[in-house]
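*Asks:* need a 3D model of the following:
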Amino acid sequence: MNTLNDNLASLLASKSTKNVASIDHAEIPLLLSQLLGSQELVVLSLTYPDVDDRNHKSLLTLVQQLASHGMKDSATYVDAQSPYLLFNDLRKALVVYHEIQKDSVAIGVSLYYAGLTGAAAEQAIKQHLPHEPAHPGWTSQPTAR
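*Replies:* Numbers count the residues shown, from 1 in each chain. Below is the predicted model of the structure:
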């Protein structure tokens, strides 16, 4: 899902006659990212499986990897199995997003930014970065703000 449902979108419209709308669990981070989009906040939604030995090792490896890359706060939140992480640093949000995608077999991660999700959110973030991302494997060109 890349946009809010029509019911919710009409509620958020400035001249709406609606006073209630329903949303599902997947729309919560999308709505949050849209409402906070002017503040350039990134939302990562994390899903954790039931813990078994394999998943626990994957989680510990990810926590150690994040901490070793200077993302100690993110590592602490992931270790506590926080369902959402909010970032005001676009670059760090992408680093954590990619680390989770790359290093975790068990944890699911979704990226939200300015009312966008997935690849569209990632592209929007990259467009707002002032310089080339300092992360191995990224090939995006720097863009002016």
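*Asks:* around residue 41, how many other residues sit close by?
*Replies:* Using other Cβ atoms under 10 Å, the number of residues around residue 41 comes to 19. Bear in mind the C-beta positions are built from the backbone N, C-alpha and C, glycine included.
*Asks:* now residue 111, nearest residue through space, not along the chain?
*Replies:* Nearest non-adjacent residue to residue 111, counting by Cβ to Cβ, 6 or more residues apart in numbering: residue 121, 4.8 Å away.
*Asks:* and for residue 116?
*Replies:* Among residues not flanking residue 116 along the chain, residue 124 sits closest, at 5.5 Å (Cβ to Cβ, 6+ apart).
*Asks:* okay, and the beta partners of the spatially most central residue of the chain?
*Replies:* Nearest to the geometric centre of the chain sits residue 44, at 2.3 Å (Cα atoms, centre = their mean). Listed beta-bridge partners, residue 44: residue 85, residue 111 (assigned using DSSP bridges).
*Asks:* surely it meets residue 107?
*Replies:* No. Residue 44 is beyond contact range of residue 107, at 10.3 Å (criterion: Cβ atoms under 8 Å).
*Asks:* contact partners for residue 44?
*Replies:* 84, 85, 87, 93, 96, 97, 100, 109, 110, 111, 112 (Cβ atoms under 8 Å, 6 or more residues apart in numbering).
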